[in-house]
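Undergrad: next comes the sequence, and after it the predicted model I'd like to discuss.
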Amino acid sequence: MAGEPQDDCLFCKIVAGHIPATVVRETDTTVAFRDINPQAPTHVLVIPKVHYRDAAALAAAEPTIVADILREAAEVASDDKLESYRVVFNTGSGAGQTVFHAHAHVLGGRGMQWPPG
């Protein structure tokens, strides 16, 4: 069922504490942790504690949690003293999504190119 933890989901396992992660922030609705394959000096994933396949499904079902994710992304950037940063939601495998649990990437600490590649 949408919103419920999934037994085969890596991020649900992190939320449940079954898989370790370097957690930098946690709220009632989100967990933020360092990416294990960072693409920038700061690369933190902000995930909802509820399971939705991607950002579009999360936004349709629980828009307030999307706002929570963006608020936490700003807090991560502030904690890491970033003057500028990028927030990325990959939706679908063609966009680079590899874990099908909605999440935002917070990237910073280096110059970013546009368009992204």
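TA: Looks like it came in fine.

Undergrad: ok, which stretches of this protein are helices?
TA: 10-16, 55-61, 63-79 (DSSP state H).

Undergrad: so can I have TSV of those helices showing mean pLDDT?
TA: Output for the helices of the chain, formatted as TSV (pLDDT from 0 to 100):
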stretch	mean pLDDT
helix 10-16	98
helix 55-61	97
helix 63-79	98
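
Undergrad: can you say which of those helices is nearest to P115?
TA: helix 55-61 (19.0 Å; C-beta to C-beta). (C-beta placed from N, C-alpha, C; glycine too.)

Undergrad: residues contacting the closest one, please?
TA: Outside of helix 55-61, the residues within contact range by C-beta atoms under 8 Å, 6 or more residues apart in numbering are A2, G3, P48, V50, Y52, I65, V66, F89, T91, A102, A104.

Undergrad: list the buried ones in that helix?
TA: A55, A57, L58, A59 (16 or more other C-beta atoms under 10 Å).

Undergrad: likewise stretch 8-28?
TA: Applying 16+ other C-beta under 10 Å to stretch 8-28 flags C9, L10, F11, C12, K13, I14, V15, A21, V24 as buried.

Undergrad: so who does the fourth one touch?
TA: Contacts of C12 were listed using C-beta under 8 Å, 6+ apart, and they are P5, Q6, H51, H101.

Undergrad: list the residues that contact the third one.
TA: To tie it back to what came earlier, the one meant is H51. Taking C-beta under 8 Å, 6+ apart as the test, what H51 contacts is A2, G3, E4, P5, Q6, C9, F11, C12, H101.

Undergrad: specify the beta-bridge partners of it.
TA: G3 (DSSP bridges).

Undergrad: tell me how far it lies from P115.
TA: Spatial separation of H51 from P115 under the definition C-beta to C-beta, to the nearest Å is 30 Å.

Undergrad: which of the contacts of H51 sit farthest apart?
TA: A2 and F11 (14.7 Å).

Undergrad: so what are the sheet partners of the strand ranked longest in the chain and their directions?
TA: In the chain, with assignment by DSSP state E, the single longest strand is strand 42-48. Strand pairing for strand 42-48, determined by DSSP bridges: strand 30-34 (antiparallel), strand 104-108 (antiparallel).
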